[in-house]
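Trainee: next one to model:
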Amino acid sequence: MAWNTAETKRKLKDAAVAEFAAHGVGGTTMERIARRAGVNKERLYTYFGNKAQLFATVLADELNKVAAAVPLNTLDGPEAVGEYAAGVYDYHCEHPELTRLLLWEGLLDVPRVPDEESRTDYYRAKVSAFAQAQQAGLISDHLPAADLAFLVLALAGWWHAVPQMARMMHADAPSTAESARTALMRAATRLATPTP
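Mentor: Predicted structure coming up:
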């Protein structure tokens, strides 16, 4: 029987996402990833190298998935910024592991992350979409485009980064995914609305 390399890699990456999201780089072992995937540990090393290389691969794949699922091409007004924020929020609701992976990466406190150059290009494209909309007078230019783009992404992800804080702050009137999404859309739209 032929070995299905693509399927084996997929199983290993899925297992790595789950393990890294739950335990971070330091708390995850290659042995546990292989066991979760039901694959020999040597294949894991053969396909992905060491644990740091595997984490970088997994995170790059997850970022590619969100980029494909929630593209940002042009922003034709403040409502489009709100809709983009809601799309990112929805993605995080469906894939909470992405937020956790990014938080774990931030906790590594390294001067540069793997593949930083191409990831910087990925974020520059987002900043460029905001800058173009600002230059066209379609959205507010009271903040630099990079700050506005970062704030919108931060608002969209923070609900998932600290759900305990959201729960405590809404103790008197518990929020739902829909009420959080609505609040996020309003906030992002307001941030992007030009002052008359």
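Trainee: chain center to the helix or strand where Ala180 lies, what's the gap?
Mentor: Secondary structure from DSSP states H and E places Ala180 in helix 177-192. Computed by CA atoms, centre = their mean, to the nearest Å, the chain-centroid distance of helix 177-192 equals 18 Å.
Trainee: buried set for that helix?
Mentor: Buried residues in helix 177-192, counting neighbours by 16 or more other CB atoms under 10 Å, are found at Ala180, Arg181, Leu184, Met185, Ala187, Ala188, Thr189, Leu191, Ala192. C-betas here are computed from N, CA, C, even on glycine.
Trainee: which one of the residues you listed is nearest Ala171?
Mentor: The shortest gap between Ala171 and any of the buried residues of helix 177-192 belongs to Ala180, at 14.6 Å (CB to CB).
Trainee: show me what contacts Phe130?
Mentor: For Phe130, the contact set (CB atoms under 8 Å, 6 or more residues apart in numbering) comprises Leu75, Val81, Ile139, Ala145, Ala146, Leu148, Ala149.
Trainee: can you pull the pLDDT of it?
Mentor: For Phe130, the model assigns a pLDDT of 98.
Trainee: check the one 10 residues further on too.
Mentor: Listed pLDDT for Ser140 reads 97.
Trainee: number of residues surrounding the spatially closest residue to it that is not a sequence neighbour?
Mentor: In space, and not counting its chain neighbours, Ser140 is closest to Pro194: 4.7 Å by CB to CB, 6 or more residues apart in numbering. Number of residues near Pro194 (other CB atoms under 10 Å) recorded here: 13.
Trainee: what does Gln53 give?
Mentor: Burial of Gln53 is recorded as 13 neighbouring residues (other CB under 10 Å).
Trainee: and Glu117, by the same measure?
Mentor: Neighbourhood size, Glu117 [other CB under 10 Å]: 9.
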